[in-house]
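[1] make a model of this:
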Amino acid sequence: MPAVFLPEPWAHPRFLALFDMPPGSGAAAILPDHAIFAHRSKLPVCAAQIGAQARGSVLDLSSARIEQLAALHAVIGATPAEIIVQPAGQAAQTAHVYRASADMPELQPAVDLTSEQAELLCLACAEIMSLADTHPVATLRARWPMALGHAASVLRARAEPELNTLRGHWSRADITLDRPSQPYAWYFGVREDDLRFRRFDGQMSVSVKRAGFVMSDAVTVLPYDPVRDRVMLIEQVRFGPWLRGVANAWSLEPIAGRVDPFESPVAAALREAQEEARLELSADQLHAVGNVYPSPAAITEFLYHYVALCDLPDGSDGIAGLATESEDIRSHLISYKQLMALIASGEVQNGPLVLTAWWLTAHRDALRAG
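    A predicted model of the protein is given here:
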C-alpha cells in the first residue's frame, strides 16, 4: 500500500497523534504543482497549482488509518489520487494525496493554526474517524459541522474554572469509561456509554449505561428597551413541541443560536441578533444572565444567556431568518408587563426565556435608571 502525503499543517503533533504517531514522524517531502489551502472549516487540503510546491510529510499508515483518513477527507470533498512526491534525500515515490475537488467551496489560503485551533480540529477529526467504520460518508458529512461545534464546546468546558464551594471536589478521574459508543450520528449525535462513577462513600459504582444527546454550546439574547420598557420576542415552529404532541408547535422565545466552532459566545450573540431579528448590537450592550446546562442528565448543550439593552422603536419587528437554514422567524414587540403575563398564563413555555425574564425582573429598575 502506498504511503500517504499530508501537507505541513498535519505535521502538528496533535494531528500526528490521531494516527498513533509521535511528533516528528514521517519523511519531509514536496508535492510538485500543488499548493496548500484550507477548507472553510480550516482543515488543510492540497489543490493543484502549476509551479507551486506543497510541503509536507510522507507517512506509512495502517490500512485502517488510511480508510479513516479517506473518510475524513471525503467529508470535506477531497478526493484521493496517487501522485509522485519527492521525499527529502530519497528517491521520488508514489503516495496517496487527498486533493480538493473542483467543486469544493470556499477554499482559503492556508495559515498556521493556533494550538487551540489545532486541538479543536483534532477533536472533531477524532470523532469523525471513530465513526468512519460504522457510518456512511453522507452521515459523516452531515455530522462534521456539529463535530466541530462540539469540539469547541469541549475546549470551553476544559477552560472553565473549577468551582467547588458546595459540591464535592470531583474530577474526571472519578469517572471510568468502560465502553464508549455513538450509535446515532447526523447533525446531532447520541452517545451511549458504559461507565462507572465514584460514589459518595468513596467506592466506584457498578457499570451503568448512560445515553446523551451530543450538541454544541448555544446563546440566547433577550432584547430589552429600558426607555420604552419593552422586549422583543421571536416566534418560530419547533420540532420538540411537535414531537411531544401539542396542537400549536410555534414557540415564543428569545433570540437563540449555536456558537460556531471558531467563534466566542458574545460574537455568536451579536450574529444571531442580526440574523433572527435584524438587530445590530455591540458587545457592550450585552448583560450576562448566566451560563447553564438546561438538562444535564441527557444533553451536552450549554447555554450562554444575555439581555441586550437596545432601542426597540415601533416597526422594528418583522419577519427574518436565514433562508439557507429554512428559518421563518417572526419578531414581536411587547411590554415587560405583557411578557410576564404570557409567562404567568403558560403561553411562554421556553425555559431560557422564563429564566431570563426573571433575571430582568430582578434587575429592571437598575437597568431603567441607567
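[2] isn't Val111 right next to Ile36, touching?
    No. In this structure, Val111 is not within contact of Ile36 by Cβ atoms under 8 Å, at 9.9 Å. In this view, the C-beta of every residue, glycine as well, is placed from N, C-alpha and C.
[3] those two: which is more packed in?
    Ile36 (22 against 12; other Cβ atoms under 10 Å).
[4] what separation do you get for the closest residue to Gly26 other than its chain neighbours and Pro180?
    Once flanking residues are discounted, Gly26 sits nearest to Ser57: 3.4 Å by Cβ to Cβ, 6 or more residues apart in numbering. Relative to Pro180, Ser57 is positioned 30 Å away (Cβ to Cβ, to the nearest Å).
[5] name the residue in the two with the higher neighbour count.
    Ser57 (23 against 11).
[6] got the CA coordinates for the host helix or strand of that one in PDB?
    Element membership for Ser57 (DSSP states H and E) is strand 44-59. C-alpha atoms of strand 44-59 as PDB (Å, rounded to 0.1, in the frame of the first residue of the first chain):
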ATOM      1  CA  PRO A  44      -5.700  21.800   5.400                       C
ATOM      2  CA  VAL A  45      -6.000  20.300   1.900                       C
ATOM      3  CA  CYS A  46      -3.900  20.300  -1.200                       C
ATOM      4  CA  ALA A  47      -5.100  21.700  -4.600                       C
ATOM      5  CA  ALA A  48      -3.400  21.600  -8.000                       C
ATOM      6  CA  GLN A  49      -1.500  24.800  -8.800                       C
ATOM      7  CA  ILE A  50       1.100  24.700 -11.600                       C
ATOM      8  CA  GLY A  51       4.500  25.700 -10.500                       C
ATOM      9  CA  ALA A  52       3.800  25.600  -6.800                       C
ATOM     10  CA  GLN A  53       5.200  23.300  -4.200                       C
ATOM     11  CA  ALA A  54       3.300  21.900  -1.300                       C
ATOM     12  CA  ARG A  55       5.500  20.900   1.600                       C
ATOM     13  CA  GLY A  56       4.500  18.100   3.900                       C
ATOM     14  CA  SER A  57       5.400  14.600   5.200                       C
ATOM     15  CA  VAL A  58       5.100  11.100   3.800                       C
ATOM     16  CA  LEU A  59       3.700   8.700   6.400                       C
END
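[7] which is the succeeding secondary structure element to it?
    On the C-terminal side of strand 44-59, the nearest following helix or strand under DSSP H and E is helix 63-76.
[8] pull out the buried residues from that next one.
    65-66, 68-76 (16 or more other Cβ atoms under 10 Å).
[9] what about the strand holding Ser57, distance to the chain center?
    In terms of Cα atoms, centre = their mean, to the nearest Å, the centre of strand 44-59 is found 28 Å from the chain centre.
[10] also stretch 12-27?
    25 Å.
[11] repeat for stretch 33-44
    Put simply, stretch 33-44 sits 20 Å off its chain's centre (Cα atoms, centre = their mean).
[12] now do stretch 121-137
    Between the centre of stretch 121-137 and the centre of its chain there are 15 Å (Cα atoms, centre = their mean).
[13] and it, average pLDDT?
    For stretch 121-137, mean pLDDT is 95.
[14] wait, Glu275 touches Ala320, no?
    Yes. Contact criterion Cβ under 8 Å: Glu275 and Ala320 qualify, at 7.0 Å.
[15] what residues are shared contacts of the two?
    In terms of Cβ atoms under 8 Å, 6 or more residues apart in numbering, Glu275 and Ala320 are both contacted by the residues Glu327.
[16] how near is the closest residue to Gln108 other than its chain neighbours to Thr114?
    Closest residue to Gln108 apart from its sequence neighbours, by Cβ to Cβ, 6+ apart: Ala38 at 4.7 Å. Plainly put, Ala38 is 13 Å away from Thr114 if you go by Cβ to Cβ.
[17] repeat for Ser57
    20 Å.
[18] likewise for Lys337?
    Plainly put, Lys337 is 48 Å away from Thr114 if you go by Cβ to Cβ.
[19] do the same with Ala157
    According to Cβ to Cβ, Ala157 and Thr114 sit 18 Å apart.
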